[in-house]
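Undergrad: what's the 3D shape of this:
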Amino acid sequence: MPLTYTQKKMYRRFQRETQFEESISPRRFRTTVLTDIYDATKDIKQTQAAAGHTTATMTLKHYVKGREEKADTASAIAKVYGLPSAM
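TA: Residues are numbered from 1 along each chain as shown. As a prediction, the model looks like this:
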């Protein structure tokens, strides 16, 4: 499904304000956020609930990715949208 004008605008804004050089897709954004949740909590059930998945296996298989070093993406997201930082 193609992105709406509003979604494209949101991703461009996020990319500009975080100075992220690579293209940001909805799937990549979702994967990053879910991985950040899991990294911060180490609770797959909480991450599964945030994803809206019926099984933890689906969340781990398709969205939660390991990292050699943790990027503080959650704080960048909070800053862009004026949210309190969770970390």
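Undergrad: switch to C-alpha atoms for all contacts and neighbour counts from now on
TA: Noted.
Undergrad: so where do the helices sit in this protein?
TA: 5-18, 26-41, 44-51, 56-62, 73-80 (DSSP state H).
Undergrad: Distance check, the residue nearest to the spatial centre of the chain against Gln7.
TA: What sits nearest the mean C-alpha location of the chain, by Cα atoms, centre = their mean, is Val33, with 1.9 Å. Counting by Cα to Cα, to the nearest Å, the separation of Val33 from Gln7 is 16 Å.
Undergrad: do the same with Gly52
TA: Using Cα to Cα, which is the criterion applied here, Gly52 is 20 Å from Gln7.
Undergrad: Ranking helices and strands of the chain by mean pLDDT, which lands last?
TA: One helix or strand of the chain scores below all others by mean pLDDT, DSSP states H and E: helix 73-80, with a mean of 70.
Undergrad: low-scoring stretches of the protein, by residue?
TA: 1-3, 66-74, 76, 80, 85-87 (pLDDT under 70).
Undergrad: can you do 50?
TA: 87 (pLDDT under 50).
Undergrad: Tell me which residue of it is positioned farthest from its centroid.
TA: Max distance from the centre of the chain (Cα atoms, centre = their mean): Tyr5, 20.2 Å.
Undergrad: Report the contact partners of that residue.
TA: Not one residue lies near Tyr5 by Cα atoms under 8 Å, 6 or more residues apart in numbering.
Undergrad: do you know how far it is from Arg13?
TA: Tyr5 is 12 Å from Arg13, by Cα to Cα.
Undergrad: Thr31 too?
TA: Counting by Cα to Cα, the gap from Thr31 to Arg13 is 18 Å.
Undergrad: For these two, work out which one has more neighbours and name it.
TA: Using other Cα atoms under 10 Å, the more surrounded residue of Thr31 and Arg13 is Thr31, with 18 against 13.
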